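Asker: Sequence and predicted structure, then a few things I'm wondering about:
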Amino acid sequence: MRTYLVTGGAGFIGSNYIHYMFKKYDNEIRIINVDVLTYAGNLENLRDVEGRDNYTFIKADICDRDAINKIFEENDIDRVVHFAAESHVDRSIVNPEVFVQTNVLGTATMLNAAKKAWELPDGSFKEGKKFLHVSTDEVYGSLDDDPNAYFYETTPYSPHSPYSASKASSDMLVKAYMDTYKFPANITNCSNNYGPYQFPEKLIPLIINNALAGKDLPVYGDGKNVRDWLYVEDHAKAIDMVQEKGRLFETYNVGGHNEKQNIEIVKTIIDILREELDDSDPRKEKLSYDLIKYVTDRKGHDRRYAIAPDKIKKEVGWEPETMFKEGIRKTIKWYFENTEWMEHVTSGDYEKYYSKMYDNR
Ligand code: NAD
Ligand code: TYD
């Protein structure tokens, strides 16, 4: 039975990936989820897999060398899928250091531990071992409004935010391990994800949550920044396909040609919520475009991201399955049906975070 070590599996994409993998492989695989449970990590995301014999959760920091080495010593790990990271651009602007700590040093710790466990005396690696580093398209910087410009795997790195700079550094480390040691790895650079279990600091769940509470819907700058949105399950599938069918040492961009201006996303959420809410629901009356509030722009705000997914399509055969119209409705319904989840993640420190980021903006 193949054993996966997933880091950051209690977060948004990691938990969706774990669900996807058990749905696909059921009892054919074993998953060990290592997560330190920051504000973004939530074991509630994994409630339905907790009882499985082939699932183990270990609370540990990816920067803790001894803890990570011990996991490799005690388990014959075949695959690493490395999600764990600080992931929010706005937080990175306020507090960059933790991004360097987790994203750069944490990745170095993971690489070293895997190398130590998998390397043979002659410097080659045990057969079949693979490390997948999950990264972002934000490492490529920002595109202008030219609709024919895209990020390719060959696009030079040009990160602007502390978040993207830390992810770019971690990508470079993985590349260095591949080049220097022939360490068996892949990198995926994916566009913005949306779907269930996303923490409401990111645009889509934040807008859904505020809209249902009748609160202002903060739109940064002119609202015309463009992001290329992908349904999270399609990302999970891409990661699995790259590990199974991709060429080792290669980078694959993941995205579905689904570019939208932020203002369009916000208006779509309002429209769909109004369709979904009963006329008798008091939340419906308050819900209109009047809630949209243009606020001070994000510092260094990247204008446009857009992925060219040609390589992953050609070499791996991956294509997104969920069209935005369907995915955004599914997502909204999920947040509707899981108000308890939202209440839990927005209790505690969330209000403090929200005031710090949005009051006086
Ligand atoms: P997230 O913030 O929802 O989850 C991150 C998870 O990592 C959390 O469970 C957290 O507890 C854990 N974690 C953080 N620091 C840790 C540490 N030091 N040790 C162990 N665990 C730690 O993030 P996400 O949106 O699920 O993103 C996952 C990965 O995918 C990240 O590497 C991110 O850069 C990348 N990515 C995200 C997107 C996106 O749109 N969200 C797009 C492309 C790539
Ligand atoms: P976000 O979800 O933070 O993802 P990223 O910055 O990694 O792309 O933001 C998506 C876009 O939405 C980005 O252009 C910033 C914008 N945005 C707002 O306009 N208002 C908000 O409250 C947030 C969180 C983001």
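Answerer: Sure, I can see it. Ligands and ions are numbered 1, 2, ... in the order given.

Asker: Report the secondary structure state of Thr3.
Answerer: Three-state call for Thr3 (DSSP: H, G, I helix; E, B strand; the rest coil): strand.

Asker: for the closest residue to it other than its chain neighbours, what are its contacts?
Answerer: Excluding its sequence neighbours, the residue lying closest to Thr3 (C-beta to C-beta, 6 or more residues apart in numbering) is Arg30, at 4.6 Å. Where you see a C-beta, it was placed from the backbone N, CA and C, and this is true even at glycine. The contact partners of Arg30, by C-beta atoms under 8 Å, 6 or more residues apart in numbering, come to 1-4, 54-56.

Asker: all strands for this protein, in order.
Answerer: 2-7, 29-35, 55-59, 79-82, 130-136, 185-190, 193-194, 217-220, 226-228, 230-231, 251-254, 259-261, 292-295 (DSSP state E).

Asker: May I see the buried residues of the first one?
Answerer: By neighbour count, with 16 or more other C-beta atoms under 10 Å as the criterion, the buried positions of strand 2-7 are 4-7.

Asker: filter those down to the ones close to ligand 1.
Answerer: By C-beta under 6 Å from any ligand atom, the members of the buried residues of strand 2-7 lying near ligand 1 are Thr7.

Asker: from the buried residues of strand 2-7, which single one is nearest ligand 2?
Answerer: Closest to ligand 2 out of the buried residues of strand 2-7 is Thr7 (19.5 Å), distances taken as C-beta to the nearest ligand atom.

Asker: In contact with that closest one: list those residues for me.
Answerer: So Thr7 contacts 14, 33-35, 62, 80-84, 110 (C-beta under 8 Å, 6+ apart).

Asker: try 6 Å this time
Answerer: By C-beta atoms under 6 Å, 6 or more residues apart in numbering, Thr7 lies in contact with 34, 62, 82-84.

Asker: Filtering these by proximity to ligand 1, which remain?
Answerer: Residues of the contacts of Thr7 in contact with ligand 1 (C-beta under 6 Å from any ligand atom): 62, 83-84.

Asker: Closest residue of this structure to ligand 1?
Answerer: For the chain, C-beta to the nearest ligand atom, closest residue to ligand 1: Gly11, 2.0 Å.

Asker: My guess is that residue contacts Thr38. True?
Answerer: No - counting by C-beta atoms under 6 Å, Gly11 does not reach Thr38; the two are 8.4 Å apart.

Asker: which one of the two has more residues nearby?
Answerer: Set side by side, Gly11 and Thr38 show more neighbours around Gly11, with 24 against 18, by other C-beta atoms under 10 Å.

Asker: which residues does the more buried one contact?
Answerer: Contacts of Gly11 by C-beta under 6 Å, 6+ apart are 40-41.

Asker: before we move on, back to that, now the strands of the chain in a markdown table, please, with extra columns for distance to Glu44 and mean pLDDT.
Answerer: Formatted as a markdown table, these follow (distance: least, C-beta to C-beta, whole Å; pLDDT from 0 to 100):
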| stretch | distance to Glu44 | mean pLDDT |
| --- | --- | --- |
| strand 2-7 | 17 | 98 |
| strand 29-35 | 13 | 98 |
| strand 55-59 | 12 | 98 |
| strand 79-82 | 21 | 99 |
| strand 130-136 | 22 | 98 |
| strand 185-190 | 24 | 98 |
| strand 193-194 | 19 | 98 |
| strand 217-220 | 26 | 98 |
| strand 226-228 | 27 | 98 |
| strand 230-231 | 21 | 98 |
| strand 251-254 | 26 | 98 |
| strand 259-261 | 29 | 98 |
| strand 292-295 | 30 | 98 |
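
Asker: who wins for proximity to Leu173 among those?
Answerer: Ranking these by proximity to Leu173 (C-beta to C-beta) places strand 130-136 first, at 8.7 Å.

Asker: what's the angle between that closest one and strand 185-190?
Answerer: With axes from the mean of the first three to the mean of the last three C-alpha atoms, to 10 degrees applied, the angle from strand 130-136 to strand 185-190 works out at 20 degrees.

Asker: Is strand 130-136 positioned near ligand 2?
Answerer: No - against ligand 2, strand 130-136 shows no contacts by C-beta under 6 Å from any ligand atom, the least distance being 7.4 Å.

Asker: got a list of contacts for whichever helix in the chain runs longest?
Answerer: Assignment by DSSP state H gives helix 162-181 as the longest helix of the chain. By C-beta under 6 Å, 6+ apart, the surrounding residues in contact with helix 162-181 are 89, 92, 96, 99-100, 103-104, 107-108, 111, 133, 135-136, 138-139, 157, 159, 183, 185, 187, 249.

Asker: Common neighbours of Gly11 and Thr38, please.
Answerer: Counting by C-beta under 6 Å, 6+ apart, Gly11 and Thr38 have no common neighbour.

Asker: Enumerate the residues of the chain near ligand 1.
Answerer: 7-8, 10-14, 35-38, 40-41, 61-63, 83-87, 102, 106, 134-136, 167, 190, 192-193, 199.

Asker: need the contact list for Trp67.
Answerer: To be clear, residue 67 is Ala; Trp isn't right here. Ala67 makes contacts with Ala60, as judged by C-beta under 6 Å, 6+ apart.

Asker: how close does the spatially closest residue to Glu119 that is not a sequence neighbour sit to ligand 2?
Answerer: The shortest distance from Glu119 to any non-neighbouring residue, by C-beta to C-beta, 6+ apart, is to Phe125 (5.9 Å). As judged by C-beta to the nearest ligand atom, to the nearest Å, Phe125 and ligand 2 stand 33 Å apart.
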